[in-house]
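Enquirer: Show me the folded form of this:
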Amino acid sequence: MEIPATSPDSEKFPRSGELITSTTGSTLCMSSRSESVWTSTPRSKWDIYHKPVIVMSVGAAIFLFGTVITSLSCFPPNDKPVYKMSGPAFLSLGLMLLVCGLVWVPIIRKKQKQRQKSQFLQSLKSFFFNR
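Expert: Down below sits the predicted model:
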């Protein structure tokens, strides 16, 4: 029933097997929302602008479909109320998507310029302060 005597120093410091390695830097890099800040891999134009191009294409297609349906309501044999109601709806939906895509492109360009300026300033700052 004898308890082994331990020195006060051994209780303060954990054994080498109990040490926890720190992975804060790597988890910070992996869990970041925008990986392009951490990795400076160049992206192609399609990678940057594919979403607005798809939105504009779909908007233009819906707009043209709405134009066709609206023009069908003008002919007397096909004078149905379905054409008169759905034609302008497709026109407005297509125009809305087309304009959203057209507005999205300058926003992306502005963000790209800001990102380039930010990376330049970060490299400039690290050059002067890490000496």
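
Enquirer: Would you mind pulling up the elements that whichever helix in the chain runs longest packs against?
Expert: In the chain, taking DSSP state H as the definition, the longest helix is helix 81-129. Judged by 3 or more Cβ pairs under 8 Å, 6 or more residues apart in numbering; DSSP states H and E, helix 81-129 is in contact with helix 45-72. Heads up, the C-betas are built off the backbone N, CA and C, glycines and all.

Enquirer: counting contacts, what elements does the helix it packs on pack onto?
Expert: helix 81-129.

Enquirer: Hey, what's the angle from the helix it packs on to helix 45-72? Just curious.
Expert: 160 degrees (axes from the mean of the first three to the mean of the last three Cα atoms, to 10 degrees).

Enquirer: Going forward, the N-terminal residue is numbered 631.
Expert: All right, first residue 631 from here; so that's helix 711-759.

Enquirer: Quick one: mean pLDDT for helix 711-759?
Expert: Averaged across helix 711-759, pLDDT comes to 87.

Enquirer: Could you give the number of residues near Tyr713?
Expert: Here the count is done by other Cβ atoms under 10 Å, and Tyr713 has 18 residues near it.

Enquirer: What residue, apart from its backbone neighbours, is nearest it spatially?
Expert: Ser703 (3.7 Å; Cβ to Cβ, 6 or more residues apart in numbering).

Enquirer: The one you found and Lys710 touch, don't they?
Expert: Yes: counting by Cβ atoms under 8 Å, Ser703 does reach Lys710; the two are 7.3 Å apart.

Enquirer: Looking at the two, which is more packed in?
Expert: A count of neighbours by other Cβ under 10 Å puts Ser703 above the other of Ser703 and Lys710, at 17 against 11.
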